[in-house]
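Undergrad: here is my input, please return the structure:
(chains A, B, C and D)
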Number of protein chains: 2
Amino acid sequence: MELFAEDGYEATTVAGIAGRAGVTERTFFRHFADKREVLFAGEEQLQAVFVNAVTDAPADAPVSGLLIAALDAGGEALRCGRGRDFARVRNGIIVANEQLRERELLKLAKLSHAVTGALVARGVPDMTASLAGELVTLVFRTAFARWIAPGETRDLLELQREGLAAISDLTCAGAA
Amino acid sequence: MELFAEDGYEATTVAGIAGRAGVTERTFFRHFADKREVLFAGEEQLQAVFVNAVTDAPADAPVSGLLIAALDAGGEALRCGRGRDFARVRNGIIVANEQLRERELLKLAKLSHAVTGALVARGVPDMTASLAGELVTLVFRTAFARWIAPGETRDLLELQREGLAAISDLTCAGAA
DNA sequence: CTGCTGATGTCATGAACTGACATCAGTCAG
DNA sequence: CTGACTGATGTCAGTTCATGACATCAGCAG
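TA: The predicted structure is shown next:
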């Protein structure tokens, strides 16, 4: 992150990263699948938080309740993680580069897919589960973007609730 | 697409593609930003269809109406495009490779962003526009996936409407 | 001490890109 | 017609990313 912040993502070479870490390039590629992955390693843990929230919810919870449970757990995990400022720096690096944005989108798609899987495992019908899985990451992503906006001080969970409510308004109005 | 279908994406080299096309590798890279892009060139047109539908909608249309207008236009464009079978082949290649899935996600994110921009230009508030933009691609993507599923014969527009209704159910139930 | 295991280094190689410059066909003003 | 200009392509050299094969070395179990 130091090097990326200094010179930008493209300008820093893998050899440079490895050198700064005191290892060889070859060793770098044994720890990270590719150059981008160095910024995304460990995202499986966040995914597990979302999935567990769905899996561990009360047996009689409606789908909408599972959706909220997942969001609450995920939001909570992030809040207790490396903090908002770290997220801001990391995000600044990512949004400055399309390759990194691509990777982030893939990670989010996997998150969505994992949540969908957890819902299906609970017996939620396929299409409903799929849409709910997508909604979870949609709300999370949108709230996260606002959470790290400069000057924003509100809580991530609060922003998530607000986003969910807005979607509700949007689609219910359309249905009516 | 011939080469990708034959040998798989990773196994086919840019030199191979260029050779088959009767040009040099260097020429390939003058037409396509990178190896992946060869499968995604021309997506800006589809994006324009969505955006125009929003821009050209009646001045008094509610946001939910714009959302539907965009989806109808986009779905229509795809139906009249290269056809369902072409989409199936292309999709088979894409889903078989993570790098290609990444690129597809980026394209969809850009679509979403463009729709959001068109909504903002109409005076829709930022957050609403953003969520609506996301919803458009969410519904489109989900419906598209079912559209190209083996054995599926229903119309893309019909599948989109069904998806939108399902989201409505999901979030309105949560609000109630 | 011996042999195994895991992490790392070394080397060679291929494939993906990029910049600088050359070439060549069209075309358009004079 | 000629010569300058333009745009598309080719040539070539070089960088970076990524991977396979093999060597090395520390630590630990028997």
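
Undergrad: what residues does the longest helix anywhere in chain A touch?
TA: When chain A is scanned for its longest helix (criterion: DSSP state H), the result is helix A:98-121. When contacts are taken as Cβ atoms under 8 Å, 6 or more residues apart in numbering or on different chains, the neighbours of helix A:98-121 outside the stretch itself are A:9, A:36-37, A:39-40, A:43, A:46-47, A:50-51, A:54-55, A:63, A:66, A:70, A:93-95, A:126, A:128-130, A:132-134, A:136-137, A:140-141, B:98, B:101-103, B:105-106, B:109. The C-beta positions use only the backbone N, C-alpha and C, and glycine is treated the same way.

Undergrad: which of those are close to DNA strand D?
TA: Contacts with DNA strand D within the contacts of helix A:98-121, as defined by Cβ under 7 Å from any atom of the strand: residue A:36.

Undergrad: give me the buried subset of the contacts of helix A:98-121.
TA: Among those, those scoring as buried are A:9, A:36, A:39-40, A:43, A:46-47, A:50-51, A:54-55, A:63, A:66, A:70, A:94, A:128-130, A:132-134, A:136-137, A:140-141, B:101-103, B:105-106, B:109 (criterion: 16 or more other Cβ atoms under 10 Å in any protein chain shown).

Undergrad: after the longest helix of chain A comes which helix or strand?
TA: Towards the C-terminus, the helix or strand next in line after helix A:98-121, according to DSSP states H and E, is helix A:126-147.

Undergrad: work out for me the element residue A:54 sits within.
TA: helix A:43-55.

Undergrad: how about the longest helix of chain A: buried residues?
TA: Neighbour-count burial for helix A:98-121 flags A:99-112, A:114-116, A:118-119 (criterion: 16+ other Cβ under 10 Å).

Undergrad: repeat for stretch A:73-87
TA: Neighbour-count burial for stretch A:73-87, with 16+ other Cβ under 10 Å as criterion, is recorded at A:73, A:74, A:75, A:77, A:78, A:87.

Undergrad: from memory the second one sits against residue A:43, does it?
TA: No: using Cβ atoms under 8 Å as the test, residue A:74 is too far from residue A:43 to be in contact (11.6 Å).

Undergrad: returning to that earlier point: and which of the buried residues of stretch A:73-87 is nearest residue B:154?
TA: Out of the buried residues of stretch A:73-87, the one with the shortest distance to residue B:154 is residue A:74. That distance is 34.1 Å, counting by Cβ to Cβ.

Undergrad: where does the closest one sit: helix, strand or coil?
TA: Three states are possible here, and by DSSP: H, G, I helix; E, B strand; the rest coil the one that applies to residue A:74 is helix.

Undergrad: I'd say residue A:32 and residue A:26 touch.
TA: No: with the criterion set as Cβ under 8 Å, residue A:32 and residue A:26 do not qualify as a contacting pair; they are 11.7 Å apart.

Undergrad: of these two, give the one with the bigger neighbour count.
TA: Neighbour totals were compared for residue A:32 and residue A:26, and residue A:32 leads with 16 against 9 (other Cβ atoms under 10 Å in any protein chain shown).

Undergrad: how about that one, nearest residue that isn't a chain neighbour?
TA: Residue nearest to residue A:32 in three dimensions, not counting chain neighbours: residue A:38, with 4.8 Å by Cβ to Cβ, 6 or more residues apart in numbering or on different chains.

Undergrad: would you mind listing what in chain A touches DNA strand D?
TA: The interface of chain A toward DNA strand D, taken as Cβ under 7 Å from any atom of the strand, is made up of A:12, A:13, A:14, A:15, A:25, A:26, A:29, A:33, A:34, A:35, A:36.

Undergrad: tell me, how many residues neighbour residue A:6?
TA: Neighbours of residue A:6 under the rule other Cβ under 10 Å: 10.

Undergrad: next, work out how far apart it and DNA strand C are.
TA: Distance from residue A:6 to DNA strand C, counting by Cβ to the nearest atom of the strand, to the nearest Å: 20 Å.

Undergrad: so what pLDDT did residue A:173 get?
TA: Model confidence at residue A:173, expressed as pLDDT, equals 68.
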